[in-house]
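J.: Sharing a model prediction with you, sequence too.
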Amino acid sequence: MTQNHFSLFGLPTAFDLDPAALSATYLKLAAACHPDKFAGASAFEQRQSLMMASTVNEAYRTLQQPLDRASYLLSLQGIDADDPLHTQFEPEFLMQQMSWRESLEEAQQAQDVPALLALADDVQADLSKLLTTLSTTFQQEDYATAATLVRQGRFMDKITQQVHQALDAVA
């Protein structure tokens, strides 16, 4: 029997989920299938335990991160939001990308920590808005828009990582 990540954790298949329920269930599942519990078991049972622990860890990681959870939900609908063929963005978002990249480059060159922190805050604020919109698109079953939002969110995550790398380099 193949379970999806949501059913494995006993959660509804939805973008919005209860983080506390996710964490509590993860702890129970991780304890139940931890390989140390099967140290004296047969080789087959040890392998099964290891595979189950790996599945539980991967499912938890996926469900814990909103963009990964959204991408996974879309995959359940047969949509690969992370397919490299789907990289077109609306002109407004492209302009925003360019603005963020220019701000990052200028702040890096000037080693301007306050500007880097402000950029990180701006991107995070936009990402928070995007996640709210993503929740609505899933409630409306607008999967095409959800896929576009996932791709935009991935870019925002990437620029955030680059900002943090720049901050680390300055520090």
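T.: Noted; the coordinates are in hand. Treat the numbers as computed from the prediction; the structure is a model and nothing was measured.
J.: Work out for me the element residue 98 sits within.
T.: helix 91-110 (DSSP states H and E).
J.: For stretch 139-159, which outside residues touch it?
T.: Under the contact criterion CB atoms under 8 Å, 6 or more residues apart in numbering, stretch 139-159 has outside partners 15-16, 66-67, 70-71, 73-74, 77, 79, 81-82, 86-87, 89-90, 93, 97, 100-101, 104, 123, 126-127, 130-131, 133-134, 137-138. For glycine as for every other residue, the C-beta is placed from the backbone atoms N, C-alpha and C.
J.: Filter those residues down to the ones in helices?
T.: Mapping the contacts of stretch 139-159 onto helices (DSSP state H) picks out 66-67, 70-71, 73-74, 93, 97, 100-101, 104, 123, 126-127, 130-131, 133-134, 137-138.
J.: Of the residues you listed, keep whichever come out buried.
T.: 66-67, 70-71, 73-74, 93, 100, 104, 123, 126-127, 130-131, 134, 137-138 (16 or more other CB atoms under 10 Å).
J.: Show me what counts as buried in the lowest-mean-pLDDT helix or strand in the chain.
T.: For the chain, the helix or strand with the lowest mean confidence is helix 43-64, at a mean of 90 (criterion: mean pLDDT, DSSP states H and E). Under the neighbour-count criterion of 16+ other CB under 10 Å, helix 43-64 has 49, 52-53, 56, 59-60, 62-63 buried.
J.: Columns distance to residue 145 on top of those residues, output as JSON lines?
T.: Output for the buried residues of helix 43-64, formatted as JSON lines (distance: CB to CB, whole Å):
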{"residue": "49", "distance to residue 145": "41"}
{"residue": "52", "distance to residue 145": "35"}
{"residue": "53", "distance to residue 145": "36"}
{"residue": "56", "distance to residue 145": "31"}
{"residue": "59", "distance to residue 145": "25"}
{"residue": "60", "distance to residue 145": "27"}
{"residue": "62", "distance to residue 145": "21"}
{"residue": "63", "distance to residue 145": "21"}
